[in-house]
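Trainee: one predicted model, sequence on top.
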Amino acid sequence: MQRMPRIWLLYTEFLISQKLVSKTREAFDRALVALPVTQHPLIWDSYVEWILEVPCLRTAKFVINRYLTIEPEFKEEFAIFLTKNKDIDGAAKIFYEILEDDRFVSKQNKSTF
């Protein structure tokens, strides 16, 4: 049963409704370990959606930095998230990385600058 992404998603939805941040994060992490790589996008979509609403900025930064290793196009949205949460230093670093990357294309159809 641990190889079924739907079971993991239902379990994490239950934990989210219980407002259990640590257990939810651990469940998402266990799901990523248990499932084959081909099913990871199903989990990551829910994981990122949830983590952007978590009040703990430190946890959110840790998870999103992991997500950026597989989805670097998310940098722009992450920088905006950091700006909204008043982490100006972190947002500035991300924006600097975007400016230095010649191949970066904005998902929001904005220019590089």
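Mentor: Happy to help now that I have it.
Trainee: and stretch 17-28, what's buried?
Mentor: Neighbour-count burial for stretch 17-28 flags 21, 24, 25, 27, 28 (criterion: 16 or more other C-beta atoms under 10 Å). To be clear about C-beta, it is placed using only N, CA and C from the backbone, and glycine gets the same treatment.
Trainee: please produce a markdown table containing the residues you listed, extended by secondary structure.
Mentor: Listed next are those as a markdown table, based on DSSP: H, G, I helix; E, B strand; the rest coil:
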| residue | secondary structure |
| --- | --- |
| 21 | helix |
| 24 | helix |
| 25 | helix |
| 27 | helix |
| 28 | helix |
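Trainee: other SSEs contacting whichever strand or helix holds residue 26?
Mentor: Assessed by DSSP states H and E, residue 26 sits inside helix 21-34. If you count contacts as 3 or more C-beta pairs under 8 Å, 6 or more residues apart in numbering; DSSP states H and E, helix 21-34 packs onto helix 5-17, helix 40-51, helix 57-70.
Trainee: kindly reformat those helices as a markdown table containing mean pLDDT and distance to residue 99.
Mentor: Shown next, in a markdown table, are those (pLDDT from 0 to 100; distance: least, C-beta to C-beta, whole Å):
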| stretch | mean pLDDT | distance to residue 99 |
| --- | --- | --- |
| helix 5-17 | 96 | 35 |
| helix 40-51 | 96 | 23 |
| helix 57-70 | 95 | 16 |
